[in-house]
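> take this sequence and fold it.
(one chain, ligands or ions: 1)
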Amino acid sequence: MEIGQRLPPHSPDCAGCGPGNPAGLGLEVVRTAAGVEAVHRFSDAQVGAPGIAHGGAVALAFDDLFGFALYTVGSLAVTRSLTIEYHAPFWLHRPYTFSAHVAQREGRRLLLRADAWDDAGQKAGSAAATFVVVSLGHFAAGAEQVMGRDD
Ligand SMILES: CCCCCCCC(=O)SCCNC(=O)CCNC(=O)[C@H](O)C(C)(C)COP(=O)(O)OP(=O)(O)OC[C@H]1O[C@@H](n2cnc3c(N)ncnc32)[C@H](O)[C@@H]1OP(=O)(O)O
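Numbering: from 1, shown residues only. Modelled structure (predicted):
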């Protein structure tokens, strides 16, 4: 992975980054020297209080970006805990730069950190997460369920 390279979505329908999910954020993520980065504008579909992005949508952006940071260490892992600090409102339609990296690894635990800045360079949010490394088998039951669905 080269610096500046656009990274592939987790899946076409991923709520965070899947281009085929009309209800998703559609994050576009690139590799940076330290980790990964995405510039995102929250839309009316992610509104909470008037004019402000819903905190859950902001958490989704952080969580999904952490999923991309995994590419930098080549581990398959899932979110076990996620803590968000909301420093300022995330205004709709304004660009925010989200950046994330893997800070530490302890056995199966990956500790990740992220920040988000507005276009004036003010920090709007930060996040910390513990991801736990899993095998491919972790995703098997969900995949079987999707394939067996007839709705
Ligand atoms: C392909 C990537 C897509 C990425 C998309 C974006 C990320 C996501 O949305 S992932 C989806 C949301 N997350 C999930 O669905 C995960 C649900 N949880 C699980 O499946 C399980 O709890 C799982 C797999 C995380 C861990 O279960 P299990 O394998 O039994 O591990 P467990 O024994 O409880 O803990 C593993 C290690 O983590 C540690 N640990 C557990 N919780 C924590 C915590 N909150 N903080 C710190 N360490 C913790 C444990 O102490 C243990 O450490 P060690 O190995 O050193 O003893």
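> now do the strands in the protein.
Secondary structure of the chain (DSSP state E): strands at 29-31, 36-41, 77-86, 95-106, 109-117, 123-133.
> make TSV out of these and add mean pLDDT.
Shown next, in TSV, are the strands of the chain (pLDDT from 0 to 100):
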stretch	mean pLDDT
strand 29-31	98
strand 36-41	98
strand 77-86	98
strand 95-106	98
strand 109-117	98
strand 123-133	98
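> tell me where the longest helix sits in this structure.
helix 55-69 (DSSP state H).
> so what's the model's average confidence on that helix?
For helix 55-69, mean pLDDT is 98.
> next one: the most centrally placed residue in the chain from the ligand, what distance?
Note on the chain: the residue nearest the mean C-alpha position is residue 64, at 1.9 Å, using CA atoms, centre = their mean. Computed with CB to the nearest ligand atom, to the nearest Å, the distance linking residue 64 and the ligand is 5 Å. For the C-beta atoms, the positions are set from N, CA and C on the backbone; glycine is no exception.
> that residue and residue 11 touch, don't they?
No. Using CB atoms under 8 Å, residue 64 is not in contact with residue 11, being 11.1 Å away.
> residue 38: how many residues sit nearby?
Residue 38 has 23 neighbouring residues, counting by other CB atoms under 10 Å.
> and it, what are its bridge partners?
residue 29, residue 98 (DSSP bridges).
> so who does the one residue in the chain that gets nearest to the ligand touch?
Across the chain, the shortest distance to the ligand (CB to the nearest ligand atom) belongs to residue 67, at 2.8 Å. By CB atoms under 8 Å, 6 or more residues apart in numbering, the contact set of residue 67 is 10, 16, 17, 79.
> and the ligand, which of these reach it?
10, 79 (CB under 6 Å from any ligand atom).
> of all the contacts of residue 67, which comes closest to residue 148?
residue 10 (21.4 Å; CB to CB).
> now do the closest one, the pLDDT please.
Listed pLDDT for residue 10 reads 95.
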